[in-house]
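Peer 1: Sequence plus predicted model, see below.
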Amino acid sequence: MSQAIETFYDVMRRQGITRRSFMKYCSLTAAALGLGPAFVPKIAEAMGTKPRTPVIWVHGLECTCCSESFIRSAHPLAKDVVLSMISLDYDDTLMAAAGHQAEAALMDTIEKYKGNYILAVEGNPPLNEDGMYCIIGGKPFVEQLKMAAEHAKAIISWGACASYGCVQAASPNPTRATPVHKVILDKPIIKVPGCPPIAEVMTGVITYMLTFDRLPELDRQGRPLMFYSQRIHDKCYRRPHFDAGQFVEHWDDENARKGYCLYKMGCKGPTTYNACSTVRWNEGTSFPIQSGHGCIGCSEDGFWDQGGFYNRLHTINQFGIEANADQIGTVAAGVVGTSVAAHAAISALKRAQKKSQDKAQVAQSKSENTGA
Amino acid sequence: MGATPNGFNLDNTGRRIVVDPVTRIEGHMRCEVNVDDQGIIRNAVSTGTMWRGLEVILKGRDPRDAWAFTERICGVCTGTHALTSVRAVEDALQIKIPENANSIRNIMQLNLQIHDHIVHFYHLHALDWVNPINALKADPKATSELQQTVSPSHPMSSPGYFRDVQNRLKKFVESGQLGLFKNGYWDNPAYLLPPEADLMATTHYLEALDLQKEIVKVHTIFGGKNPHPNWLVGGVPCAINMDGIGSVGAINMERLNLVSSIIEKCIEFNNNVYIPDVIAIGGFYKNWLYGGGLSGKSVMAYGDIPENANDYSSGNLHLPRGAIINGNMKEVHDVDQRDPEQIQEFVDHSWYTYGTPGKGLHPWDGVTEPKYELGANAKGSRTNIQEIDEAAKYSWIKAPRWRGHAMEVGPLARYVVGYAKGHEDIKNQVDGLLRTMNLPVSALFSTLGRTAARALESEYCGRLQKHFFDKLVTTIRNGDSNTANVEKWDPSTWPKEAKGVGATEAPRGALGHWVRIKDGRIENYQCVVPTTWNGSPRDTQGNIGAFEASLMDTKMERPDEPVEILRTLHSFDPCLACSTHVMSPDGQELARVKVR
């Protein structure tokens, strides 16, 4: 039976990767894990024989955009993840069975793989009305969540709903929709925020865990550093226009057609930590700013209640100096070159202190935008 | 229990079967049926089991932001709520959008229809007809011959190709880790396909999974991402710049070429895979014509895809509008979403209260106050429901009615309305399909008919998508690159009070948003969505909803295995996150943070 299991190695082979490359991959993995060359055969052995990791994917109050995003993944393809990398043993959106047979599949997986399965949560539990704003099998969803969490190895909170609450938790949060980490307190939780998260970020997080057999490095909020440690603004290809004071003033104006900065149209790129401007969306096809609309900040906590998607952020300074976009926007074009040069020099000096300052700015801009 | 006013005989004396969760749908749903000693369904009860309260949340917000909130009603039919929302706000504020914006919106909406229909058929619905385990017994060579017979133009048809897929499937099954196929009903006699057809369809499950991520790139180009692309009141956010300075930052030739190539891929897949599969699979199930429900009685469509911008009159819409009642196909009534007498929602069997029993409300005046309570004859407890009592309140879905009638909406409803109105494209498609399958028109009113109408519509939408792409290019060539009208972007230009309605045809059926704006803020927002119509509980008069009606009189091979129930419910493509919504009564105090 075990010979029939399609392992990670099989998948790589099928995708045209040679034994030689596979061994090289294993030694890189060993190096990344801080292990010596003696561990290379062990890693190769593990990847050549390990059964697929069971994943239980539950759904609370949500809109299924996370599942939809997941199946958009181009590398790896969603079919390879589901057929060859993980064993998706319960997912009410995609599974064949329903009702009792679906519940039996869930119980069976929990029982058989105690402590060894990953729990993926899409959506969140509502706590008002005894949890009955979201009913699974006649019972509150929160019960299913707690039961599935008890023996999970780790939990992935997919998207803004599971991570922060998202739209149903926007003020006044009538159902008391509550993010996963406020209900499950004793398990490692990886937050993968966004509405939805980028497909390749989702599969990237899962394959990282399978490949390295550990959780990714997380920031203080529980987000993987590899995808959420920089602002969209930091890597935005329109950033030079921001720095040059070239802004879209109205929808579809000359500047919009030239692809200038969308900051004045309310873009939340300067306060949003996500990989949209680097990984981009749908196999790198585009991302919101590239297609002419500002970022709405969908991977940030409480982004629905930050004062409107078209209201501009007021606390973002350019060039690390005390000026805002209104003042900079009036600078004549000839001066722009100097500004950019100055920016380079200043930013080198400021780099060390910038990180903490940014965080403070984000916090400040949020408090000023809420209820302002 | 006796006969309902809409013509169904209910009998709840037989054995009660509960299916919860109903899987392979969007959101959460429960279904209960009574079967007699022959295994025939004699009573059906469908319950929406989630509620999110989005319309409460919208109150007091900037109407220009509403599209983003309502878009999050559903991530499967992503974008269609956003489009409905910007239409409602533009209607209220009398904003006219440019022709290019109309073309781009249509391309996006049609793109969604195609994507949604394909994903629905292959990834949510196929396993009701197709048995992937049985595919292991197939002869790859015979499968190849079958493929070449049903679709000579499809290039992926060699015996080796099918053998590879079969081997992969075999490894998967033999691993003992069945994943999504675990606990399926694979030895149930309700599955009728020969192994070769099962292998062919399972292969297309994987092909469609690869293709769907390509289709949505049209949304990504115009809206920046998918799911949940960006929209704009007054037009579309993407600017067009074909050959000027900065073209690389806008919709340019390269972007248009990508859109065009995807449109061609959609057309090819519809013609070479989707339609042939429905005909081939349908051919083995053509004696299984259960599931008609309301489709031969009462159907409704709002219509969509305006040829010219800002004209939502019936004659300007490519997808037809109209209502048919009591099976009278000779008369198609017009539907007016503004008329307070036409569309009303009732809550007598829903977990809400209006205060007055039997009262119906037009969405502009819609109020909802949640009231979760089980009936006296329910079994179990408040937080552990064993059996629903359908004589009392039993669902988070309201019961919308058109002039008092329970209506079916969706692709089949659109096609029945179009056929009855003599819509040329629709009539040709339907007649052609029935001829090919050697079936009478009455066969349309079935689970299979619903599934077939969806496939035909995907094909039609593929052609329309191309039409609007060509129109976009022509308009640009004629010197018009406008994509947004910003005259009324500033709230200071708005009237003190305004109300509007936006209507679309979502993949699942007629979708309407009703908005009231006061002092630049949303005063009241209501959505009546397709699954609210289809999944509605009983009303005061006892009319059953479309899901419930469709299950009636179906024979179950094995009552403990809900294959037939799933098959028919899935044929509607239920979307429960869409259907369960709420608006607070005017004047109800809700603590909230003031949003500027």
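Peer 2: That came through, no problem.

Peer 1: What ranges does the stretch 101-250 of chain A have for its strands?
Peer 2: A:117-122, A:135-136, A:139-140, A:152-158, A:189-192 (DSSP state E, counting those that start in this stretch).

Peer 1: tell me the contacts of B:Y372?
Peer 2: A:129, A:132-133, B:351, B:382, B:393 (C-beta atoms under 8 Å, 6 or more residues apart in numbering or on different chains). Just so you know, the C-beta spots here come from the backbone N, C-alpha and C atoms, and that holds for glycine as well.

Peer 1: and which of these is nearest B:V259?
Peer 2: Checking those against B:V259 with C-beta to C-beta, the nearest one is A:Y133 at 40.2 Å.

Peer 1: Was I right to think the closest one contacts A:N173?
Peer 2: No. Using C-beta atoms under 8 Å, A:Y133 is not in contact with A:N173; the gap is 11.1 Å.

Peer 1: between the two, who's got more neighbours?
Peer 2: Counting neighbours by other C-beta atoms under 10 Å in any protein chain shown for A:Y133 and for A:N173 shows that A:Y133 has the greater number, 29 against 22.

Peer 1: ok, how many other residues are close to the residue nearest to B:N272 when sequence neighbours are not counted?
Peer 2: Computed as C-beta to C-beta, 6 or more residues apart in numbering or on different chains, the closest residue to B:N272 that is not its neighbour in sequence is B:H154, at 4.1 Å. As a burial measure, B:H154 scores 19 neighbours (other C-beta under 10 Å).

Peer 1: still on that earlier bit, with distance to B:T84 and pLDDT added, can I get the contacts of B:Y372 in a markdown table?
Peer 2: Converted to a markdown table, the contacts of B:Y372 look like this (distance: C-beta to C-beta, whole Å; pLDDT from 0 to 100):
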| residue | distance to B:T84 | pLDDT |
| --- | --- | --- |
| A:E129 | 28 | 94 |
| A:M132 | 29 | 95 |
| A:Y133 | 24 | 94 |
| B:W351 | 25 | 94 |
| B:R382 | 35 | 95 |
| B:K393 | 28 | 97 |
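
Peer 1: just the buried members of the residues you listed?
Peer 2: Neighbour-count burial (16 or more other C-beta atoms under 10 Å in any protein chain shown) is assigned, among the contacts of B:Y372, to A:129, A:132-133, B:351, B:393.

Peer 1: For those, work out which two are farthest apart.
Peer 2: A:Y133 and B:K393 (14.4 Å).

Peer 1: Which one, of the strands of the stretch 101-250 of chain A, ends up nearest to chain B?
Peer 2: Minimum separation from chain B across those (C-beta to the nearest C-beta) falls at strand A:135-136, 3.8 Å.

Peer 1: And the helices in the stretch 151-300 of chain A, which stretches?
Peer 2: A:159-164, A:199-212, A:225-228, A:239-243, A:254-257 (DSSP state H, counting those that start in this stretch).

Peer 1: same thing with the stretch 401-550 of chain B?
Peer 2: B:411-421, B:424-437, B:447-477, B:530-534, B:546-551.

Peer 1: Pick the most deeply packed of these.
Peer 2: helix B:530-534 (a mean of 31; mean count of other C-beta atoms under 10 Å in any protein chain shown).

Peer 1: Show me what that helix packs onto, helices and strands only.
Peer 2: strand B:509-518, helix B:546-551, helix B:576-579 (3 or more C-beta pairs under 8 Å, 6 or more residues apart in numbering or on different chains; DSSP states H and E).
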